[in-house]
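[1] starting from these lines, generate the structure:
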Amino acid sequence: MAYTEDDMLMLSGIQHFAYCPRQWALIHIAQEWSDNKLTVEGKILHTHVDDPFYRNKVGEVICWRSLNIASRELGLYGVADVVELHPTQDNKNAIEIADSPGWWQFFPVEYKHGKPKADNIDAVQLCAQAMCLEEQYNVVINNGALYYGETRRREPVSFDKALRAEVLSLADAMHLTFKAGNIPQEEKNAKCRNCSLKDICMPGLKLARAYLKTELYEETT
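    Numbering: from 1, shown residues only. Below you'll find the predicted structure:
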């Protein structure tokens, strides 16, 4: 299925949806947002890489930053943090670049402020970026990397069939949820603790904390 321009959703939202469909719906349907320590740290990290006019060559690698990308198949659009182009002798799945003779293969890199996670919520975002690049440039991209600010290391990501299938499934679910306009029911779990929207998502918890704080204050005064 090819989505139209009016159907396009933000690619960055696929990570939110993989983390929690309700969180994604609150942001992208209800237009709710709130920062916490983790989201602020993420914004600070991205200020160092979000420069759409940055084009540089370090050694044998060309580096593009803040590259606009989109996919009709996924119905997603967004910005890739960093796209490296590595030299290759094989013109298959490679592109030519003005003022840079030879053939170049894509290697997307996504920056994250924390540390590697046990699940795929970061990898699906990177894979979605690769799938957008593949569609735009008619190439196949097999690998990329996630750079984590806490460890200051790159973690390699292979765009295998399973990860690609997960991206397609998540993208379709995002479109179905957006079209329905429904906010999924809240489900309290361990992920809620670090969510910046927890007080918006579950206002009862905020009211309960305020009540307990008031009651404890009155009992001790």
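
[2] give me the contact list for stretch 6-15.
    For stretch 6-15, the external contacting residues (CB atoms under 8 Å, 6 or more residues apart in numbering) are 24, 27-28, 69-70, 74-79, 121-122, 124-125, 128-129, 132, 167, 170-171, 174-175, 178. Just so you know, the C-beta spots here come from the backbone N, C-alpha and C atoms, and that holds for glycine as well.

[3] quick one: the longest helix along the chain to chain centroid distance?
    If you go by DSSP state H, the chain has its longest helix at helix 161-180. Put simply, helix 161-180 sits 14 Å off its chain's centre (CA atoms, centre = their mean, to the nearest Å).

[4] please begin residue numbering at 6 from this point
    In the new numbering, first residue 6, that becomes helix 166-185.

[5] just checking, what packs against that helix?
    On a contact count with 3 or more CB pairs under 8 Å, 6 or more residues apart in numbering; DSSP states H and E, helix 166-185 meets strand 14-15, helix 18-24, helix 26-33, helix 126-142.

[6] restrict the last one to CA atoms and write it as CSV.
    So that's helix 126-142. This file holds the C-alpha atoms of helix 126-142, laid out as CSV (Å, rounded to 0.1, in the frame of the first residue of the first chain):
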residue,chain,number,x,y,z
ILE,A,126,12.3,0.7,20.2
ASP,A,127,15.4,2.6,19.0
ALA,A,128,16.3,0.1,16.3
VAL,A,129,12.9,0.4,14.6
GLN,A,130,13.3,4.2,14.2
LEU,A,131,16.7,3.7,12.6
CYS,A,132,15.4,1.0,10.4
ALA,A,133,12.5,3.2,9.3
GLN,A,134,15.0,5.8,8.3
ALA,A,135,17.0,3.3,6.3
MET,A,136,13.8,2.2,4.5
CYS,A,137,13.0,5.8,3.6
LEU,A,138,16.4,6.2,2.1
GLU,A,139,16.1,3.0,0.2
GLU,A,140,12.8,4.2,-1.3
GLN,A,141,14.2,7.6,-2.2
TYR,A,142,17.5,6.5,-3.7
